[in-house]
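Colleague: from the sequence below, what's the structure:
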Amino acid sequence: MSDNEEMATERTQVVCPYRGSRNIARILRGMPAFTEGRQRGLAEGKVILGGCEVEGIYPLPRYHCNDCEEEF
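Modeller: Presented below is the predicted three-dimensional model:
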């Protein structure tokens, strides 16, 4: 399964617990490789970058709602 297929499959299954929206982006942490598919995901709002340094928030949120801006 390609990056795009994996993200599309994951995106359709995740629902925001705050607003019930399916307009969800996956949060990538660390230093991801910037493939063409990943660049497209960033441009389309399917993926956001979560940064490299994380402290104090556990468990780490995996998703971001593009409608209400909450992470979960």
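Colleague: now do the end-to-end distance for stretch 26-40.
Modeller: 13 Å (CA to CA, to the nearest Å).
Colleague: over to stretch 31-46?
Modeller: First residue to last in stretch 31-46 (CA to CA) measures 17 Å.
Colleague: for the record, mean pLDDT for that stretch?
Modeller: The average of the pLDDT scores along stretch 31-46 is 93.
Colleague: this structure: helices as residue ranges?
Modeller: Assigned by DSSP state H, the helices in the chain fall at 3-13, 36-44.
Colleague: how far away from the center of its chain is the last one?
Modeller: Yep, that's helix 36-44 we're talking about. In terms of CA atoms, centre = their mean, to the nearest Å, the centre of helix 36-44 is found 11 Å from the chain centre.
Colleague: name the helices or strands packed onto that helix?
Modeller: Under the contact definition 3 or more CB pairs under 8 Å, 6 or more residues apart in numbering; DSSP states H and E, helix 36-44 sits against helix 3-13, strand 47-49. C-beta coordinates here come from the backbone N, C-alpha and C atoms, glycine included.
Colleague: give me the longest strand you can find in the protein.
Modeller: strand 24-28 (DSSP state E).
Colleague: neighbouring contacts of it?
Modeller: 7, 10-11, 14-16, 38, 41, 45-50, 60-66, 71 (CB atoms under 8 Å, 6 or more residues apart in numbering).
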